[in-house]
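Student: Predicted model, plus sequence, below.
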Amino acid sequence: MTARAFLIRGLIAGLVAGIATFFVAYSVGEPHVETAIVLEESGTAAEEGPADASHNHGDEAAGGHNHTHSHTHGDEGEGEDTEVSRDSQRTWGLLTGSLAVGLALGGIVALVAAGTIGRMGRLQPGQSTALITLLGFVAFALVPFLKYPANPPAVGSGDTIGDRTALYFGFVIVSVLTAVAATYVALRLRNRLGTYGGVVAGAAGYLAVVVVAGQLFATVNEVGDFPADTLWFFRRASLFTLATMWGVIGVVLTGLVGRLYAAQTERAQRRALAASL
Amino acid sequence: MSQVSAVPVAGAPSVPTIPFGQLAPWALFFGLLGTLVLFFVSTDQGAVSLLAGTAIHEWVHDGRHLLGYPCH
């Protein structure tokens, strides 16, 4: 059980997760991305939130402020600097993004799991690895999604990308740091309150902090009159995509770590037996 | 150390730990690398641009949307 052994297994899990994520995102998510882009280009969905109506990007060809947008969709004629076609974006581009995120998350999760084996009560290495992945999904993906859900193309003004990015990652940081602290507190309290009390206290503490943070962080609503069904389908697909990513990382990494530990234990037992002869 | 303890502890084998000192360089190096990769997929050439242009943003555009990151 070394950091290197964990990192290698994390990268393998991340690779598998990235491939699975691509297929889920492509088959479940892409149809709704296409629908959103059609709506965006037809201009029907281009109305922003009330305060921002003059800055919508779909039907406004002039003005530099919508540049983050007009270049985005390859087949669109208006973007002079268009470099990537929609066909590439939806296939190789999506695959690149899925694999990159899968490898990065897989490696990071594996190293966190490496740091927690043997330190989470009586959990076996495979069990603590599975728990760490689950906590990662909740803290890094699910809770941020509930506060700032994914938006399809055509929802979201180029003008507010700075604020939205800062809010999103600010909330992610709060959520992840709180989860780390809550896990630590739960493990410490476990000595005094037992496993049940420690886990309940940790989970309650995490929930309390993210709920309060969710109230304090500004709400982003730039949906305008974008069709509710397409929005819901897209967001559901996005959640499936994230769940696939984390679920596959968790399943593959847990399996690999469990096997690693079993092999190691067996070797140690054989050595102990040989020494006792 | 990183080895499984060979000392049998009454029934339940103790789970090995990896010393933080041994883990730290790996965590630091891959933590930075992984964060950088996540940044390029999720954010670069959107709110913040480390590299000029729009090629990266466009290439990972659909992934950025579907993985839930803010995108234009």
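Tutor: Okay, I see it.
Student: Run the chain-centre distance for the strand or helix carrying residue A:133.
Tutor: Element membership of residue A:133 [criterion: DSSP states H and E] is helix A:125-136. Its chain's C-alpha centre and that of helix A:125-136 lie 16 Å apart, by C-alpha atoms, centre = their mean, to the nearest Å.
Student: got the contact list for residue A:183?
Tutor: Neighbouring residues of residue A:183 by C-beta atoms under 8 Å, 6 or more residues apart in numbering or on different chains: A:135, A:202. No exception for glycine: its C-beta is placed from N, CA and C like everyone else's.
Student: Let me know the secondary structure of whatever residue of chain B ends up closest to chain A.
Tutor: Residue nearest to chain A within chain B: residue B:63 (2.4 Å; C-beta to the nearest C-beta). Secondary structure assignment for residue B:63 (DSSP: H, G, I helix; E, B strand; the rest coil): helix.
Student: If we ignore the residues flanking it in sequence, what's nearest it?
Tutor: Nearest non-adjacent residue to residue B:63, counting by C-beta to C-beta, 6 or more residues apart in numbering or on different chains: residue A:97, 2.4 Å away.
Student: Contacts only, for that neighbour.
Tutor: Applying C-beta under 8 Å, 6+ apart, the residues contacting residue A:97 are B:41, B:59-60, B:62-64, B:67.
Student: Among the residues you listed, pick out the one closest to residue A:178, please.
Tutor: Nearest to residue A:178 among these, counting by C-beta to C-beta, is residue B:67 at 21.6 Å.
Student: in chain A, which spans are strands?
Tutor: Remark: strands of chain A are absent; assignment by DSSP state E.
Student: measure the residue positioned nearest the centre of it to residue A:105 for me?
Tutor: Centroid check for chain A by C-alpha atoms, centre = their mean gives residue A:141 as the closest residue, at 3.9 Å. Per C-beta to C-beta, to the nearest Å, residue A:141 is found 9 Å from residue A:105.
Student: what pLDDT does the residue nearest to residue B:63 get?
Tutor: For residue A:97, the pLDDT comes out at 96.
Student: ok, residue A:17 to residue A:249 distance?
Tutor: According to C-beta to C-beta, residue A:17 stands 4 Å off from residue A:249.
Student: Dump the contacts of residue A:97 to CSV, plus distance to residue A:27 and pLDDT.
Tutor: As requested, those are exported to CSV (distance: C-beta to C-beta, whole Å; pLDDT from 0 to 100):
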residue, distance to residue A:27, pLDDT
B:41, 20, 94
B:59, 20, 92
B:60, 19, 93
B:62, 13, 94
B:63, 14, 94
B:64, 18, 94
B:67, 15, 95
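Student: Please identify which pair of the residues you listed lies farthest apart.
Tutor: B:59 and B:67 (14.0 Å).
Student: With neighbour numbers in mind, choose between the two.
Tutor: Using other C-beta atoms under 10 Å in any protein chain shown, the more surrounded residue of residue B:59 and residue B:67 is residue B:67, with 26 against 22.
Student: For the more buried one, list the residues it contacts.
Tutor: Residue B:67 neighbours (C-beta under 8 Å, 6+ apart): A:25, A:97-98, A:101, A:150, A:238, A:241-242, A:245, B:41-42.
Student: Check the offset of the lowest-mean-pLDDT helix or strand in chain B from the chain's centre.
Tutor: Every helix and strand of chain B was ranked by mean pLDDT, DSSP states H and E. The lowest is helix B:55-59, at a mean of 91. Put simply, helix B:55-59 sits 21 Å off its chain's centre (C-alpha atoms, centre = their mean).
Student: near chain A, anything from that helix?
Tutor: Yes. Residues of helix B:55-59 are located near chain A by C-beta under 8 Å from any C-beta of the partner chain, namely B:55, B:57-59.
Student: Nearest to residue A:173 among the residues you listed?
Tutor: The nearest member of the residues of helix B:55-59 next to chain A to residue A:173, counting by C-beta to C-beta, is residue B:57 at 22.4 Å.
Student: I'd assumed residue B:46 was in contact with that closest one.
Tutor: Yes. Applying C-beta atoms under 8 Å, one finds residue B:57 in contact with residue B:46, separated by 6.1 Å.
Student: Can you name the residue of chain A nearest chain B?
Tutor: When distances are taken as C-beta to the nearest C-beta, chain A reaches nearest to chain B at residue A:97, 2.4 Å away.
Student: ok, now how distant is that residue from residue A:165?
Tutor: Going from residue A:97 to residue A:165 by C-beta to C-beta gives 16 Å.
Student: With residue A:83 instead?
Tutor: When distance is defined by C-beta to C-beta, residue A:83 is 22 Å away from residue A:165.
Student: which residues touch residue A:247?
Tutor: For residue A:247, the contacting residues are A:17, A:137, by C-beta under 8 Å, 6+ apart.
Student: mind redoing it with 7 Å?
Tutor: Contacts for residue A:247 were tallied using C-beta atoms under 7 Å, 6 or more residues apart in numbering or on different chains; there are none.
Student: Can you read off the pLDDT for it?
Tutor: Residue A:247 carries a pLDDT value of 98.
Student: What about the closest residue to residue A:91 other than its chain neighbours, how many residues nearby?
Tutor: Once flanking residues are discounted, residue A:91 sits nearest to residue A:26: 7.4 Å by C-beta to C-beta, 6+ apart. Residue A:26 has 19 neighbours, counted by other C-beta under 10 Å.
Student: pretty sure residue A:26 is touching residue A:93, no?
Tutor: No. Taking C-beta atoms under 7 Å as the definition, residue A:26 is not a contact partner of residue A:93, at 10.8 Å.
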